[in-house]
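Visitor: fold the stuff below for me.
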Amino acid sequence: MMSKPAPIHEHAHEQLRYIRDAMERASTFTSIPGWGGVGVGCTAIVATVLAARAASAEVWLAIWLADAVVAAVIAGIAMVRKARRANVSFRGAPARRFFVSYLAPIVAAAALTFVLARAELYAALPATWLLLYGASFVSSGAYSISVVPVMGVCFMLLGIAACFLPLAAGNVLLGVGFGGLHVVFGLVIAKGHGG
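Guide: Numbering: from 1, shown residues only. Coordinates of the predicted model:
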C-alpha cells in the first residue's frame, strides 16, 4: 500500500522556507564574539573604578581612551578567532556591510571626542560615546544577529540619560553600558550564537 503523496503546495512552502533561511544566513555577519564582549565588559568595569578616582578630567579621559584601545584589541582578537572557527570571511558582503555600518558612528565618536576634549566639555563625553556606540550596533545589527540592535538600543538609552547628568554620574553610566551591557549581552551571544 502506497502512502498518499504530499500536496505540491507543502513542498513549495518547505522549499521557500529553506531558500529564505539560506539567504538570511548568507546576508548576516555572525562572528560577533560573545566571550570577547565579556572580556571588554570586565575591562570597562575596571576603567569605571579607576576613572571615578581620577585626579582630573584629563586623567579620566586618558583612562577611558586606554580602555577603548584595550577593548578594541580584545574584541578584534575574539572576532577573528570566532570567524576562523565558523569559517566566516571578513571579505564577504555581509562582513563589509556590517563593518561599514558599525565603524561610521565610531569614527564620528572619535572626532567628537577630540572636539569636546579640546573645548574641555568632558561632561558631554559619556553621552556622546554611549549614543554613538549604541547607534553603531543598531545600524550594524541590520546585518548581524538579532540581539545586536537590542544591545545598541540599550546603549542609546543610557546615552540619553547621560545627557542630563554630570560627569561623575556619566562615568557610572559608562560602567553600566561598556561594563554591564557587554557582560550581559556577551553571555547571551556566547550561549546562543556559538561563543
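Visitor: top helix in this protein by residue count?
Guide: The single longest helix within the chain, with elements called by DSSP state H, is helix 57-86.
Visitor: remind me what that helix packs against, helices and strands.
Guide: Counting contacts by 3 or more Cβ pairs under 8 Å, 6 or more residues apart in numbering; DSSP states H and E, helix 57-86 packs against helix 34-52, helix 125-140, helix 167-174. Glycine gets a C-beta too; all of them are placed from N, C-alpha and C.
Visitor: let me have those helices in JSON lines, adding mean pLDDT, distance to Leu116 and mean neighbour count as columns.
Guide: JSON lines is the format used below for these (pLDDT from 0 to 100; distance: least, Cβ to Cβ, whole Å; neighbours: other Cβ atoms under 10 Å):
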{"stretch": "helix 34-52", "mean pLDDT": "96", "distance to Leu116": "16", "mean neighbour count": "20"}
{"stretch": "helix 125-140", "mean pLDDT": "95", "distance to Leu116": "6", "mean neighbour count": "23"}
{"stretch": "helix 167-174", "mean pLDDT": "96", "distance to Leu116": "12", "mean neighbour count": "20"}
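Visitor: quick check: which of these is nearest to Val59?
Guide: helix 34-52 (8.1 Å; Cβ to Cβ).
Visitor: contacts for the closest one next, please.
Guide: Residues from elsewhere that reach helix 34-52 (Cβ atoms under 8 Å, 6 or more residues apart in numbering): 60, 63-64, 66-67, 70-71, 74-75, 77-79, 82, 168, 171-172, 174-175, 177-191, 193, 195.
Visitor: share the number of residues neighbouring the residue lying closest to Ala54 once chain neighbours are set aside, please.
Guide: Once flanking residues are discounted, Ala54 sits nearest to Trp60: 4.0 Å by Cβ to Cβ, 6 or more residues apart in numbering. Each residue near Trp60 was counted by other Cβ atoms under 10 Å, and the total is 22.
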